[in-house]
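>>> model this:
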Amino acid sequence: MQKTRPLIVISSRTGNTMILGHAIADALPGALLVKPSELPEDLSPFNPVLLGYWRDLEEAPVDMRAIASRFEGKTIGCFATMGSDVNDPDSQAWMKRTAEGLAAAGKNNTLAQTFICRGRIDPAQFEKMTKMMGGVVSPERAEKRRESETHPDRLDLAKGAEIFRSVFGVNF
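Sure thing, here's the model as predicted:
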């Protein structure tokens with residue numbers, strides 16, 4: 001039987017997801033960490049596959065959706081960062097929906113684990129959304145942005161690393 005190693009594919013706009021991905025990779029010895037544009041042609045040596053991405057409105061980012069169909073017979077883990085409360089039911093539903101969609105885009109994949117944490121909001125995205133909302137930043141939006149500025153923090157990184165280490169650390 002061929003020995004496999006973890007593959008971690010990361011789409012990161014602000015660097016938040018990349019930071020989290022490095023912490024997870026450190027917890028999984030031998031893991032290969034790549035961007036979607038660097039995905040190896042031969043995926044047979046890799047299992048599990050962890051997909052890390054940021055919240056792009058209601059979807060996973062385009063580059064992550066574009067490669068998801070390439071995975072077949074893999075155990076999938078998904079992790080994400082977003083600039084809002086990750087315990088909010090909408091955030092939890094988004095994570096579940098996008099993770100299930102990415103795993104199902106390929107053939108015979110199993111979604112084994114997800115993790116979501118807060119991350120800094122991209123300034124350009126914040127300005128774009130502000131314009132779409134009439135150019136006014138409500139006190140609630142300003143507070144959400146302020147709360148996101150310090151994430152992902154050490155606790156976020158440790159929690160993400162431990163979750164995936166506990167699920168995949170001894171299973172490959």
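
>>> Strands along the chain, start to end?
Ranges of strands within the chain are 5-10, 32-34, 46-54, 75-82, 110-118, based on DSSP state E.

>>> So for residue 143, which of these sits nearest?
Across the strands of the chain, residue 143 has its closest neighbour in strand 110-118 (12.8 Å, C-beta to C-beta). From N, CA and C alone the C-beta is placed, and that goes for glycine too.

>>> Pull the residues that contact the longest helix along the chain.
Criterion DSSP state H: the longest helix present in the chain is helix 89-105. For helix 89-105, contacts defined as C-beta atoms under 8 Å, 6 or more residues apart in numbering pick out 51, 53, 55, 58-60, 64-65, 68-69, 71, 76, 78, 80, 82, 84-86, 109-111, 114, 116.

>>> quick revisit: let me have the strands of the chain in TSV, adding mean neighbour count, distance to residue 104 and mean pLDDT as columns.
TSV is the format used below for the strands of the chain (neighbours: other C-beta atoms under 10 Å; distance: least, C-beta to C-beta, whole Å; pLDDT from 0 to 100):
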stretch	mean neighbour count	distance to residue 104	mean pLDDT
strand 5-10	23	16	97
strand 32-34	17	22	98
strand 46-54	25	12	97
strand 75-82	25	9	97
strand 110-118	19	8	97
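
>>> which residue sits closest to residue 72, ignoring its sequence neighbours?
The shortest distance from residue 72 to any non-neighbouring residue, by C-beta to C-beta, 6 or more residues apart in numbering, is to residue 107 (4.4 Å).

>>> Next, the buried residues of the longest helix of the chain.
Across helix 89-105, burial judged by 16 or more other C-beta atoms under 10 Å covers 91, 94, 95, 98, 99, 102, 103, 105.

>>> Same check on stretch 134-151?
Within stretch 134-151, the residues scored as buried using 16+ other C-beta under 10 Å are 141, 144, 145, 148, 151.

>>> now do stretch 118-138
For stretch 118-138, a neighbour-count test (16+ other C-beta under 10 Å) marks 118, 119, 120, 121, 122, 125, 126 as buried.

>>> CA atoms only: put that stretch into CSV for me.
Provided in CSV are the C-alpha atoms of stretch 118-138 (Å, rounded to 0.1, in the frame of the first residue of the first chain):
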residue,chain,number,x,y,z
ARG,A,118,-12.1,35.2,12.5
GLY,A,119,-9.6,37.2,10.3
ARG,A,120,-8.8,40.7,9.4
ILE,A,121,-11.1,42.3,6.8
ASP,A,122,-9.5,43.2,3.5
PRO,A,123,-9.5,47.1,3.4
ALA,A,124,-10.5,47.1,-0.3
GLN,A,125,-13.3,44.7,0.3
PHE,A,126,-14.5,46.7,3.3
GLU,A,127,-14.6,49.9,1.1
LYS,A,128,-16.4,48.1,-1.7
MET,A,129,-19.1,46.8,0.7
THR,A,130,-19.3,50.3,2.3
LYS,A,131,-20.0,51.9,-1.1
MET,A,132,-22.6,49.2,-1.9
MET,A,133,-24.3,50.0,1.5
GLY,A,134,-24.6,53.7,0.7
GLY,A,135,-21.2,54.8,2.0
VAL,A,136,-22.1,54.8,5.7
VAL,A,137,-20.3,52.6,8.2
SER,A,138,-22.7,51.7,11.0
